[in-house]
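Peer 1: Curious how this folds, go ahead:
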Amino acid sequence: MRITTIEALRAHLQALPFANPRVVASGNHSVPWPLLVEVDKALPAYRLFMLNAPRGIPIRAGVTHETPFVGAGMRGSASLAYYPCRLSLVPSLLKAQTPPDIVLLHTAPPRHGLLSLGIEVNILPAAIEAARARGALVIAQINPQLPFTYGDSLVPVEEVDLAIEVDEPIAPMTSRPVNDDQRAIGAHVAALVPDGATLQLGIGAIPDAALELLRERRGLRIWTEMLSDGVLGLDRAGALGEGLLTTSFAAGSAELHQWLDGNERVIFCRTERTNDPAMIARQPQMTSINAALQVDLFAQANASYVDGRIYSGFGGQTDFIVGALHATSGRAIVALPSWHAKSGTSTIVRHLPGPATSFQHSYVVTEHGAAAIWGRPQAEQAHELIERAAAPAARDDLRSAARELFGPA
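Peer 2: Next up, the predicted model:
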């Protein structure tokens, strides 16, 4: 690894023999912003591959956005190339279909010859390997304010070609207040989680509400794609067991970042491990908790599309639902409000208008209750959804739809 200046880096990038290189960069809450700025200045045209890209990424003629999971920065982009792909398979995508020409990393300063990817591991180890295999360029932004984390986040310095040094705070994830419906959903979700369960939770008010109500549990384990402040709350409440906490990336407050720095109990693993359904299935009482936008009477969930256009993507939902269903005493929970306030429509619908993200869940939970899905025939699944999860204002129409689809109850 060679430490260089911004000016020298820019000159190096301008001299690269690529007409339209693919640039893979850290996403989520660990974007290497100074590196991204320099790449955008130096390259007239390039393909930017990121997971969950936030607002502020380059948007201009010559920049093509590529992703298997659309974040706010790419949502609605005219140049978006969306790759439908389970998160567990994105490393294979990088090695075969979308190999990088440049990889941009955000790292903590080296310790004992090892950099740390901090709060974003995810698909980056695979991107580094794909780059090294084809002689591509790996560039790091070294930041002392990024937490030094362990596991697959550790990268030997010799795996990085060039690096710049910055000293910038890590922007915290801001959380919206939890409303009454979200708190009720969280309570129904928490009621399905026993002591000793292994948890996977996503981002948002509903997971936050559920985690707050799980602080009375004991012996909980963590095997999750994303780790948030809610897990820190469980730790401080004594709800977690003594084992390691496994995640692939983190998003939260400055307090969470401080807790993660040098914390060898938290292991950051590459996506191929955290999201491998076979590995997930090995976790005791694996409980997967994910959000959705709609669920239909066939118990199919849409968590990806709005009005027929891609909103996010599969993410890790399909990986964790499959893994949880195969785990001993595992449960796959999908949670959502029963009513969409802006459109004034039910989120429990007759049939999804677009592609399904996942199906065959254990439970579908709304503020009204928990509908038990797995192990029941279709007509009973629909009955559970209508009577236990749907908004009361939508139930008569859904009952009529169920009779047409499945016959008399």
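
Peer 1: Spell out, range by range, the helices that occur in this structure.
Peer 2: Per DSSP state H, the chain carries helices over the ranges 6-14, 33-42, 90-96, 124-133, 180-190, 205-213, 229-236, 254-260, 271-274, 277-281, 317-326, 378-384, 395-406.

Peer 1: for those, which one sits closest to residue 220?
Peer 2: helix 229-236 (6.2 Å; CB to CB). For glycine as for every other residue, the C-beta is placed from the backbone atoms N, C-alpha and C.

Peer 1: Can you name every helix or strand that the closest one contacts?
Peer 2: Using 3 or more CB pairs under 8 Å, 6 or more residues apart in numbering; DSSP states H and E as the contact test, the elements touching helix 229-236 are helix 205-213, helix 254-260.

Peer 1: So, low pLDDT: which residues of this protein?
Peer 2: 409 (pLDDT under 70).

Peer 1: switch the cut-off to 80
Peer 2: Under the criterion pLDDT under 80, the flagged ranges of the chain are 174-176, 202-204, 409.

Peer 1: re the thing from before, closest one to residue 140 among the helices and strands packed on helix 229-236?
Peer 2: helix 254-260 (18.6 Å).

Peer 1: elements contacting the closest one?
Peer 2: Contacts defined by 3+ CB pairs under 8 Å, 6+ apart place helix 254-260 against helix 229-236, strand 249-250.

Peer 1: List the buried residues for the longest one?
Peer 2: The reference is to helix 229-236. 229, 230, 231, 232, 233, 234, 235 (16 or more other CB atoms under 10 Å).

Peer 1: For the nearest residue in space to residue 106 that is not next to it in sequence, grab the count of nearby residues.
Peer 2: Nearest residue to residue 106, sequence neighbours excluded (CB to CB, 6 or more residues apart in numbering): residue 32, at 4.1 Å. A count of nearby residues for residue 32, using other CB atoms under 10 Å, gives 25.

Peer 1: The one 3 residues further on too?
Peer 2: The number of residues packed around residue 35, counting by other CB under 10 Å, is 26.

Peer 1: correct me, but it touches residue 104?
Peer 2: Yes - counting by CB atoms under 8 Å, residue 35 touches residue 104, with 4.6 Å between them.

Peer 1: Can you pull the domain assignment for this protein?
Peer 2: Residue ranges for the domains of the chain, per automatic domain parsing: 2-165, 180-406.

Peer 1: Redo the helices and strands packed on helix 229-236 as a markdown table? Include distance to residue 384 and mean neighbour count.
Peer 2: A markdown table is the format used below for the helices and strands packed on helix 229-236 (distance: least, CB to CB, whole Å; neighbours: other CB atoms under 10 Å):
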| stretch | distance to residue 384 | mean neighbour count |
| --- | --- | --- |
| helix 205-213 | 19 | 22 |
| helix 254-260 | 37 | 18 |
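
Peer 1: Minimum distance to residue 396: which of these has it?
Peer 2: Using CB to CB, those put helix 205-213 closest to residue 396, at 26.7 Å.

Peer 1: other SSEs contacting that closest one?
Peer 2: Checking 3+ CB pairs under 8 Å, 6+ apart, helix 205-213 ends up next to helix 180-190, strand 198-201, helix 229-236, strand 286-291.

Peer 1: Kindly reformat the ones you listed as a markdown table containing distance to residue 262.
Peer 2: Shown next, in a markdown table, are these (distance: least, CB to CB, whole Å):
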| stretch | distance to residue 262 |
| --- | --- |
| helix 180-190 | 31 |
| strand 198-201 | 23 |
| helix 229-236 | 15 |
| strand 286-291 | 28 |
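
Peer 1: Of all those, which one comes closest to residue 50?
Peer 2: Here strand 286-291 is closest among these (CB to CB), at 21.2 Å.

Peer 1: Identify the residues contacting that closest one?
Peer 2: Residues from elsewhere that reach strand 286-291, judged by CB atoms under 8 Å, 6 or more residues apart in numbering: 189, 192-193, 197-202, 204, 206-207, 210, 223, 280, 303, 317, 320-321, 323-324, 327, 330-336, 358.

Peer 1: related to what we said a few turns ago, what touches both of residue 35 and residue 104?
Peer 2: With CB under 8 Å, 6+ apart, residue 35 and residue 104 have common neighbours 25, 139, 141.
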